[in-house]
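Novice: could you look at this predicted model? Sequence included:
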Amino acid sequence: MNKIVRGGRAILQQWPHVVAESLGVRAAPPLLPAFGPLPSADEWKRSCLAASWLGHATALLRAGGVTLLTDPHFEERIGLRVGGKPIGRRRGVALPGDIADLPPIDIVLLSHAHLDHWDRATLKRLARRETIAVIPSRTHRLLPKGFGDVVELTWDREKVVAGLRLTAIKPRHWGARYLIDRRRGYNSYLIEDGVRRIVYGGDTALTTAFDALGRGPGAGVDLAVLGIGNSDPWEHHHATPEQAALMAERMGARRLMPIHHSTFFHREEASDTPLLRLLKVWPSERVVCSRVGESWFDRPMNADAREAG
């Protein structure tokens, strides 16, 4: 009950400001520039493992010659349109580029249908026959038409998509688009190319769902993409920075890419707080793409072949 009360109080304190800013009655803070641009097409194509953070939960990932885009959101605000105006929290850091500037997207990977992870306007712009959409169960009707193929994955099921093995993992969250449609699925994903492994967590509170990845033959993951923000007072739905580090440690993550922080204005959380807390409990040299517009490249595509020779 205390969690519900604290959450309700936070909404009541935040939303009058959000609505006023959305309607133009109140000025929003200035938009900060992204740390850098999108990665160059040549460098991206040469990489066997790479990542770029576009803000919030939108990550550009490269594995096995395949490009994935997670939970894409390229709009100015998170929210629904009322009278033609989007009502919701505004972006505080600019995008590092536009959809037209992205490398060709092979897979759009969607974790759940919340408005900040499943933006229909953005998805309409991304829909093309050459792109496959991977989505949770019972969310197909929310997806705009135009994708070449749509793959629904339920928990603990796996499927080879564009040469990658994708496995759906049950996070500690929920999947409703609106308040009443709680039957919708919600996923985290394990991405495998036969050599490397990436975990995309989407949204999750502290969970043991990834622990098995850190045990047995081939244990560990090369990159864990986990949310670290918006945990107060929502710790029962979003992991704290300390909890994200703990989950990454348990799954044997060699590197951690922190997302879901410092992108959209959040009055209950200073933009630099989540990352500062993370760096107190996780080695900075094993953090990648911590700022919007930052990219990371592991090594060129032919590096494995050279080492084998």
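Specialist: Ah, there it is. Numbers count the residues shown, from 1 in each chain.
Novice: any idea whether Leu226 is helix, strand or coil?
Specialist: strand (DSSP: H, G, I helix; E, B strand; the rest coil).
Novice: ok, it touching Pro241?
Specialist: No: the pair Leu226 / Pro241 is not scored as a contact, 9.4 Å apart, by C-beta atoms under 8 Å. The way it works is simple: take the backbone N, C-alpha and C, and place the C-beta from them, glycine included.
Novice: which of the two has more residues huddled nearby?
Specialist: Leu226 (29 against 24; other C-beta atoms under 10 Å).
Novice: beta partners for that one?
Specialist: Pro258 (DSSP bridges).
Novice: residues touching it, list them.
Specialist: Val199, Gly201, Thr204, Ala239, Ala244, Met247, Ala248, Leu256, Met257, Pro258, Ile259 (C-beta atoms under 8 Å, 6 or more residues apart in numbering).
Novice: what segments of the stretch 1-150 of the chain are strands?
Specialist: Applying DSSP state E, counting those that start in this stretch to the stretch 1-150 of the chain gives strands spanning 49-55, 58-63, 66-70, 80-82, 85-87, 107-109, 132-136, 149-153.
Novice: for the fifth one, packing partners?
Specialist: In terms of contact count using 3 or more C-beta pairs under 8 Å, 6 or more residues apart in numbering; DSSP states H and E, strand 85-87 is assigned the packing partners helix 2-22, strand 80-82.
Novice: roughly how far does Pro86 sit from His56?
Specialist: To His56, Pro86 is 15 Å away according to C-beta to C-beta, to the nearest Å.
Novice: where does the stretch 1-150 of the chain dip in pLDDT?
Specialist: In the predicted model of the stretch 1-150 of the chain, residues 1-27 satisfy pLDDT under 70.
Novice: picking up where we left off before, for the contacts of Leu226, give me TSV that also has pLDDT and neighbour count.
Specialist: Below are the contacts of Leu226 laid out as TSV (pLDDT from 0 to 100; neighbours: other C-beta atoms under 10 Å):
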residue	pLDDT	neighbour count
Val199	98	26
Gly201	98	29
Thr204	98	27
Ala239	97	28
Ala244	98	31
Met247	98	25
Ala248	98	28
Leu256	98	25
Met257	98	26
Pro258	98	27
Ile259	98	30
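Novice: what comes up buried for stretch 60-70?
Specialist: The neighbour-count check on stretch 60-70 (16 or more other C-beta atoms under 10 Å) flags Leu60, Leu61, Arg62, Ala63, Gly64, Val66, Thr67, Leu68, Leu69, Thr70 as buried.
Novice: closest one of these to Gly146?
Specialist: Gly146 has its nearest neighbour among the buried residues of stretch 60-70 in Leu69, at 14.9 Å by C-beta to C-beta.
Novice: what's near enough to touch the closest one?
Specialist: Thr58, Ala59, Leu60, Leu61, Leu102, Ile105, Ile107, Val108, Leu109, Leu126.
Novice: related to what we said a few turns ago, give me the common contacts of Leu226 and Pro241.
Specialist: Pro258.
Novice: Gly65 reaches Leu164, doesn't it?
Specialist: No: taking contacts as C-beta under 8 Å, Gly65 lies outside contact range of Leu164: 9.4 Å.
Novice: what do the two both touch?
Specialist: Counting by C-beta under 8 Å, 6+ apart, the residues touching both Gly65 and Leu164 are Asp193.
Novice: helices of this structure, start to end?
Specialist: Applying DSSP state H to the chain gives helices spanning 2-22, 41-46, 120-126, 241-250, 273-279, 303-308.
Novice: separation between the nearest residue to Ala127 once chain neighbours are set aside and Asp193?
Specialist: Leaving out its chain neighbours, the residue that sits closest to Ala127 by C-beta to C-beta, 6 or more residues apart in numbering is Gly146, at 3.0 Å. Between Gly146 and Asp193 the computed distance is 26 Å (C-beta to C-beta).
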